[in-house]
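>>> Predicted model follows, preceded by the sequence.
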Amino acid sequence: MMAFDSKNILAWFIACDLLCSCVLQAKKTRFPVKALLRHRRQSCADGTYEHEGMTCCLCGAGLKLESHCLRSRDDRQCSPCEHGKYSSQPNFQPQCDPCTSCEHPNANLEVEEPCTPARDTKCRCKKNHFCSSGTETCRICYPCRECGDEGVKVPCTAKNNTVCNDKIEGGNTGTIIAIIVPILLIALLALIGVWYWRKRKSQGKTLVHQQNNVDIQELQPLKVSDIQPHLPDIAEELGWKDMKDIAIRCGIPPATIESCVLNHPGDAREATFELLRIWVEREGSGAGPKLIQILQNSNRKHKAEMVTDILRIDCAA
């Protein structure tokens with residue numbers, strides 16, 4: 001029988017310790033790795049959706065769904081978005097969304113970031129233009145204001161218009177006095193004559209009201225077809241500012257008013273004519289009298305008289 005000395009006993013313990021360590025390490029590493037790989041094969045990186053009792057993996061951003069899963073959740077079929085389309089989120093849609101265009105006429109937009117399969121086009125205002133919508137997505141940009149001798153206080157950016165300095169700077173006492181004194185004198189003269197103005201106004205109010213009623217009554221028989229030939233002349237007398245004010249008073253949507261400007265860039269006369277035509281068609285046979293009444297009530301009596309003279313031609317005929 002073999003005799004064991006101290007060296008043999010020590011070697012035997014070292015061999016047993018190494019063998020046990022290898023077994024334990026195999027148990028800790030081999031089987032969990034297999035489980036982890038199996039778990040990864042079954043997971044969906046972009047989430048899941050339900051279809052006919054099956055749980056399927058979503059298609060990633062920049063992709064669209066070609067066919068749903070049949071046997072396992074990850075055997076659904078996806079394909080890239082076509083040129084000019086995108087999908088920015090994981091989805092199971094059969095088609096991608098069309099990319100936004102920055103080339104709308106008269107919108108003053110340009111491309112900041114082009115469209116990709118996973119991201120829509122990002123538009124921005126052209127140079128020296130700004131957007132006043134207050135939202136991240138802008139549809140129309142307007143030219144920046146230009147300051148004269150007063151100089152720029154806040155420069156124009158893509159989100160705000162230029163702010164100019166005040167024309168009268170602080171510290172110039174002589175200039176301020178030279179401006180304020182005439183204003184005070186004018187105000188004093190106005191107070192002296194106010195009683196006279198009120199007296200004349202009360203005396204003439206009845207006469208003017210009667211005359212206005214006569215003018216409107218003369219135009220009552222006019223139809224839309226009778227007014228149409230005179231719209232260019234009426235539009236020229238009104239001008240864009242007064243026509244826009246009339247449209248706003250009568251409840252025409254701002255989008256309709258804005259479209260007249262976009263349809264005729266830089267041509268206020270044509271924009272006024274188009275807005276007047278839309279307003280007349282909306283008001284119908286009472287458009288003529290109503291237009292004169294609005295002008296009279298808004299202290300535009302001279303223009304009311306000019307429109308009356310234009311429309312009175314049909315009444316005389």
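Thanks, I have it. Numbers count the residues shown, from 1 in each chain.

>>> burial measure for residue 180, as a count.
By the criterion of other CB atoms under 10 Å, residue 180 has 10 neighbours. Every residue, glycine included, has its C-beta placed from N, CA and C.

>>> And what about it, helix, strand or coil?
Using DSSP: H, G, I helix; E, B strand; the rest coil, the structure places residue 180 in helix.

>>> residue contacts, it?
Going by CB atoms under 8 Å, 6 or more residues apart in numbering, residue 180 touches no other residue.

>>> Check the spacing between it and residue 54 real quick.
Between residue 180 and residue 54 the distance, using CB to CB, to the nearest Å, works out to 83 Å.

>>> do residue 298 as well
Taking CB to CB as the measure, residue 298 and residue 54 are separated by 68 Å.

>>> residue ranges of the strands in the stretch 51-200 of the chain, please?
Using DSSP state E, counting those that start in this stretch, the strands assigned to the stretch 51-200 of the chain run over residues 54-57, 63-67, 77-80, 85-86, 97-98, 109-113, 122-125, 129-130, 142-143, 152-154, 163-164.

>>> Out of those strands, the one nearest residue 257 is which?
Proximity of the strands of the stretch 51-200 of the chain to residue 257 was assessed by CB to CB; the nearest stretch is strand 142-143, lying at 14.5 Å.

>>> helices or strands next to the closest one in the packing?
Helices and strands in packing contact with strand 142-143 are listed as strand 129-130; criterion 3 or more CB pairs under 8 Å, 6 or more residues apart in numbering; DSSP states H and E.

>>> Give me the buried positions along stretch 291-304.
The neighbour-count check on stretch 291-304 (16 or more other CB atoms under 10 Å) flags 291-296, 300, 303-304 as buried.

>>> neighbours of residue 125, just the number please.
Counted with other CB under 10 Å, residues neighbouring residue 125 total 23.

>>> cool, residue 111 as well?
Here the neighbour count serves as a burial measure; for residue 111 (other CB under 10 Å) it reads 14.

>>> Can you name the residues that contact it?
Counting by CB under 8 Å, 6+ apart, residue 111 makes contact with 102, 121-124.

>>> still on that earlier bit, include secondary structure and distance to residue 78 when you put the buried residues of stretch 291-304 into CSV, please.
Conversion of the buried residues of stretch 291-304 to CSV gives the following (DSSP: H, G, I helix; E, B strand; the rest coil; distance: CB to CB, whole Å):
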residue, secondary structure, distance to residue 78
291, helix, 61
292, helix, 66
293, helix, 65
294, helix, 61
295, helix, 64
296, helix, 68
300, coil, 65
303, helix, 65
304, helix, 68
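
>>> among the residues you listed, which two are most distant?
By the measure CB to CB, 293 and 303 form the most distant pair in the buried residues of stretch 291-304, at 12.3 Å.

>>> picking up where we left off before, now the contacts of residue 111: which count as buried?
Of all those considered here, the ones buried according to neighbour count by 16+ other CB under 10 Å are 102, 121, 123-124.

>>> Just put the residues you listed in JSON lines and tack on distance to residue 44 and pLDDT.
As requested, these are exported to JSON lines (distance: CB to CB, whole Å; pLDDT from 0 to 100):
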{"residue": "102", "distance to residue 44": "35", "pLDDT": "91"}
{"residue": "121", "distance to residue 44": "29", "pLDDT": "94"}
{"residue": "123", "distance to residue 44": "34", "pLDDT": "91"}
{"residue": "124", "distance to residue 44": "36", "pLDDT": "91"}
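
>>> Dump the residues you listed to TSV, plus distance to residue 310.
Listed next are the buried ones among the contacts of residue 111 as TSV, based on distance: CB to CB, whole Å:
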residue	distance to residue 310
102	44
121	49
123	44
124	46
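
>>> Show me which pair in the residues you listed is furthest apart.
Spatial extent of the buried ones among the contacts of residue 111 (CB to CB) is set by the pair 121 and 124 at 10.5 Å.

>>> pull the helix or strand with minimum mean pLDDT from this protein.
For the chain, scoring each helix and strand by mean pLDDT, DSSP states H and E identifies helix 6-42 as the least confident one, at a mean of 52.

>>> who's in contact with residue 50?
Listed by CB under 8 Å, 6+ apart, the contact set of residue 50 reads residue 56.

>>> So it lies in a strand, does it not?
Yes: when the secondary structure is assigned by three-state DSSP, residue 50 falls within a strand.

>>> From residue 73, how far off is it?
Relative to residue 73, residue 50 is positioned 10 Å away (CB to CB).

>>> Now do the shared contacts for these two.
The contact sets of residue 50 and residue 73 overlap at residue 56 (CB under 8 Å, 6+ apart).

>>> If you count neighbours, what's buried in stretch 103-118?
107-109, 115, 117-118.

>>> For that stretch, C-alpha coordinates in PDB please.
What follows is stretch 103-118, C-alpha atoms only, in PDB (Å, rounded to 0.1, in the frame of the first residue of the first chain):
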ATOM      1  CA  GLU A 103     -41.500  74.800 -51.600                       C
ATOM      2  CA  HIS A 104     -44.900  76.200 -51.100                       C
ATOM      3  CA  PRO A 105     -45.300  79.400 -53.300                       C
ATOM      4  CA  ASN A 106     -44.800  82.700 -51.400                       C
ATOM      5  CA  ALA A 107     -44.200  80.900 -48.100                       C
ATOM      6  CA  ASN A 108     -40.600  82.000 -48.000                       C
ATOM      7  CA  LEU A 109     -39.400  78.600 -46.700                       C
ATOM      8  CA  GLU A 110     -36.200  76.500 -47.300                       C
ATOM      9  CA  VAL A 111     -35.000  73.100 -46.300                       C
ATOM     10  CA  GLU A 112     -33.000  73.000 -43.000                       C
ATOM     11  CA  GLU A 113     -32.800  69.200 -42.700                       C
ATOM     12  CA  PRO A 114     -33.800  66.900 -45.700                       C
ATOM     13  CA  CYS A 115     -36.300  64.100 -45.300                       C
ATOM     14  CA  THR A 116     -34.900  60.600 -44.500                       C
ATOM     15  CA  PRO A 117     -36.700  57.300 -44.200                       C
ATOM     16  CA  ALA A 118     -36.800  57.800 -40.400                       C
END
